[in-house]
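[1] Below is the sequence, then the predicted model.
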Amino acid sequence: MSVRARILRSAVAIVLVLGAARPARAAGFEWSRIQGHTSFGYGRLMVGHAPAGSIGVTVGFEHPLRPGLDAGIDFGLYLYGNRTADRGTLNATLDYSSQEVVFFTHWAVSRGPVSRISIGPGLTHARTELSSAAGGAQFLDLAKDEVAPSLALDLSILRRKPAPVRVAMVAGYRVAFVDGPDWNQFSVRLGFHY
């Protein structure tokens, strides 16, 4: 996919999210209405010969726009693990990770097991760090250090009634539109909403 197509896809996503997040009436921003959440759990990168996955951590904040609809920002760090690549008699270790910032719109769902759907555009810093004792130049095509537009989706199962702290199970999907194959990432995390 070309860079132009990726930028167009991200721009369309941002417009859709902002259009859906537009407040029904002009309610002002109030610091006291900000809520937060954090989560941690397993993250798996689905690209090429990526490792089996490891830990992911996110933290986010949101502000209500109208009943059942919030907008916010999330920050995430995923450490996917490492793998060894072999080429002839040479080998190198590749360490995969990503950092993200996502501008989420959160919808409260009144029925069913999923009680919150979060979707939004973001930026992802995709990184594949290369370490090799000798012949590292043979593996430069596998290294990556790129910031790219991304899209994110989280499905949360949590108590619908208000409480000081609510525990959640979060299933997440991210796609980062990097050069070469897109980075698709799945995660299952334990979350806390406060």
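    Received it, and whenever you're ready, just let me know what you need. Residues are numbered from 1 along each chain as shown.
[2] separation between residue 89 and residue 138?
    With distances taken as Cβ to Cβ, to the nearest Å, residue 89 is found 10 Å from residue 138. For every residue, glycine as well, the C-beta is placed using N, CA and C.
[3] quick one, which of those two is more surrounded?
    Set side by side, residue 89 and residue 138 give different neighbour counts by other Cβ atoms under 10 Å, the larger being at residue 138 (15 against 7).
[4] Just the pLDDT for that one.
    The score at residue 138 is 70. That number is its pLDDT.
[5] just checking, it touches residue 90?
    Yes: taking contacts as Cβ atoms under 8 Å, residue 138 lies within contact range of residue 90: 5.5 Å.
[6] need the contact list for residue 190.
    If you count contacts by Cβ atoms under 8 Å, 6 or more residues apart in numbering, residue 190 has them with 39, 40, 41, 167, 168, 169, 170.
[7] Any chance of TSV for these, columns neighbour count, pLDDT and distance to residue 49?
    Formatted as TSV, those follow (neighbours: other Cβ atoms under 10 Å; pLDDT from 0 to 100; distance: Cβ to Cβ, whole Å):
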residue	neighbour count	pLDDT	distance to residue 49
39	24	97	27
40	17	97	26
41	17	97	23
167	12	96	35
168	19	96	32
169	16	97	29
170	23	97	27
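[8] helices or strands up against the helix or strand where residue 43 lies?
    Per DSSP states H and E: residue 43 is located in strand 35-46. In this structure, strand 35-46 packs against strand 54-66, strand 69-87, strand 166-176, strand 183-193, with contacts taken as 3 or more Cβ pairs under 8 Å, 6 or more residues apart in numbering; DSSP states H and E.
[9] contact partners of it?
    With Cβ under 8 Å, 6+ apart as the test, strand 35-46 has contacts from 50-64, 70, 78-80, 96, 98, 168, 170, 183-194.
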